[in-house]
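>>> Pasting the sequence and the predicted coordinates here, then a few questions.
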Amino acid sequence: MPLQTARLSTAVKTIVAGLLITAGLATGLGLGSGQAHAKIDDGRYKYQLVMYGVIPYPESNARVIGNRLFQDIYGVGPWNATNSHITQTRNGGIVSIAGDPVAHWYSRIELRKTPHGYKGVLFAGGVPTGDVYLRKVR
């Protein structure tokens, strides 16, 4: 008889554990099924870089089209003089010369959404070197 009680106890524990895991997964999937990415909105922007937090560079005109950021050269030249890849993230995006991790290590701008556009940090070789402002233009 003690063997049957031990089997019943193990079976009950297994069933209870399975139900708890199933309930936890169902709750987690239900709560976490929101939008995973906050897409950087297409449109026109003013782009400004402030190196080392104190040296402002002139503003550039910028456009976001899909997963690409196009810029002129400090307000002069064609609108697509430079272009960068945007990797969408939960809070904004990562701008770099390409979408692969090596390009992200070499140089990247991590942008996060603000009420007036996006604000981010420029990284070169993994070291923060400046602040970037991407302000929406109407």
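Nice, I can see it. Residues are numbered from 1 along each chain as shown.

>>> Nearest residue to the middle of this structure?
By Cα atoms, centre = their mean, the chain has its centre lying nearest to Thr89, at 1.9 Å.

>>> my read is His104 is in a strand, agree?
No - note on His104: no strand contains this position according to DSSP: H, G, I helix; E, B strand; the rest coil, which reports helix.

>>> count of residues packed around Gln71?
19 (other Cβ atoms under 10 Å). Yep, even glycine has a C-beta here, placed from its N, CA and C like the rest.

>>> Show the contacting residues for it.
Residues counted as contacts of Gln71 (Cβ atoms under 8 Å, 6 or more residues apart in numbering) are 47, 60-63, 79-84.

>>> Now a ChimeraX select for only the buried ones of those.
In ChimeraX, selecting the buried portion of these, with burial taken from 16 or more other Cβ atoms under 10 Å, looks like this:
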select :47,60,61,62,63,84
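
>>> Restricted to strands, list the contacts of Gln71.
When DSSP state E is applied, the contacts of Gln71 are split such that 47, 60-63, 82-84 fall in strands.
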